[in-house]
Every structure is written in C-alpha cells, then in structure tokens.
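Colleague: Sequence below, structure please.
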Amino acid sequence: MTKYRKKPVVVEVSQWFKNGDHPEDNCLRPFEDTGKMPTEPREGEIVRYYRTPDLDGQDECKKCGDIMHNHGWIDTLEGGHIVCPADWIITGIKGEFYPCKPDIFEATYEKVDEN
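Modeller: Just a heads-up that it's a prediction; the model follows:
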C-alpha cells in the first residue's frame with residue numbers, strides 16, 4: 001500500500017462548551033422584526049441547539065456521557081454532527097465547520113506561533 005503524509009494546514013479553532021461559545025455564533029444579534037437586542041442569548045449560527053423528536057433532552061450521550069440537552073448540532077459538508085461539550089470546532093480550508101473530539105484534536109493539532 002502506498003503511504004501519504006497529510007499536508008500541514010493552519011486552521012482556526014474554537015473549543016465549544018455551550019450555546020454561544022463559537023465566536024461566529026452571533027447569539028446576541030438583534031431580532032430581525034423589531035431590531036431589539038435579546039435579553040438571553042439566541043441560538044448559535046454555527047453550533048445550533050441539538051434537538052430531535054426521538055430523544056429526550058435528559059438522555060445520555062453515547063459518546064461523552066453528558067445529557068443531550070447540553071449538546072449542540074453543526075451542519076457539515078457531510079450533513080451534520082452532534083457537538084459534545086469540550087469538542088473543538090474547526091474551520092476547514094473551504095470555510096466549512098466541523099467538530100473534533102478533544103483527544104483527536106490534541107493528537108492531531110498543535111498551536112501555531114503567530115509571531
């Protein structure tokens with residue numbers, strides 16, 4: 001089998017713990033109809049609330065063990081993924097977003113010195 005090495009690519013990342021954590025979520029944007037600012041953060045634009053009629057929000061996540069109410073959902077090029085608290089949200093080379101588990105992120109990425 002032929003072997004390849006992944007090309008080094010610098011990506012932007014943000015660690016997600018709750019609604020509004022991603023810098024592009026824009027949760028405090030004004031309401032379109034009134035222009036007024038919300039008193040509570042609105043749903044994120046990048047990581048949205050996780051909802052499904054098939055699961056109660058108190059059900060346990062099979063990946064991290066936290067309740068599903070504390071999770072997010074992100075649209076990806078492959079359709080979409082559940083976002084667990086502490087997942088890293090990566091901005092890909094085409095501007096797409098995708099989640100990465102903390103252990104995979106730590107094994108795969110290193111911080112770039114911006115100087």
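Colleague: Run through the neighbouring helices and strands of the helix-or-strand element of the chain with minimal mean pLDDT.
Modeller: Each helix and strand of the chain was given a mean pLDDT (mean pLDDT, DSSP states H and E); the minimum falls on strand 47-49 at a mean of 92. For strand 47-49, the contact count by 3 or more Cβ pairs under 8 Å, 6 or more residues apart in numbering; DSSP states H and E identifies strand 72-74 as packing neighbours. C-beta: built from backbone N, CA, C; applies to glycine.
Colleague: Mean confidence (pLDDT) on the strand it packs on, please.
Modeller: What strand 72-74 shows for mean pLDDT is 96.
Colleague: What average pLDDT does the following helix or strand past it get?
Modeller: Beyond strand 72-74 on the C-terminal side, the first helix or strand identified by DSSP states H and E is strand 81-83. Mean per-residue pLDDT for strand 81-83: 96.
Colleague: So what are the sheet partners of strand 81-83 and their directions?
Modeller: strand 72-74 (antiparallel) (DSSP bridges).
Colleague: buried sites along the partner strand?
Modeller: Within strand 72-74, the residues that qualify as buried are G72, W73, I74, counting by 16 or more other Cβ atoms under 10 Å.
Colleague: possible to save those residues as CSV with distance to T91?
Modeller: CSV is the format used below for these (distance: Cβ to Cβ, whole Å):
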residue, distance to T91
G72, 16
W73, 17
I74, 11
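Colleague: which outside residues touch stretch 30-38?
Modeller: With Cβ atoms under 8 Å, 6 or more residues apart in numbering as the contact definition, stretch 30-38 has outside contacts at L28.
Colleague: now do the same end-to-end measure for it.
Modeller: Start to finish, the residues bounding stretch 30-38 are 6 Å apart (Cα to Cα, to the nearest Å).
Colleague: Flag every buried residue along stretch 11-23.
Modeller: Counting neighbours by 16+ other Cβ under 10 Å, one finds that the buried residues in stretch 11-23 are S14, W16, N19, G20, D21, H22.
Colleague: List the contacts of the first one.
Modeller: Taking Cβ under 8 Å, 6+ apart, we find S14 in contact with D21, H22, P23, W88, I89.
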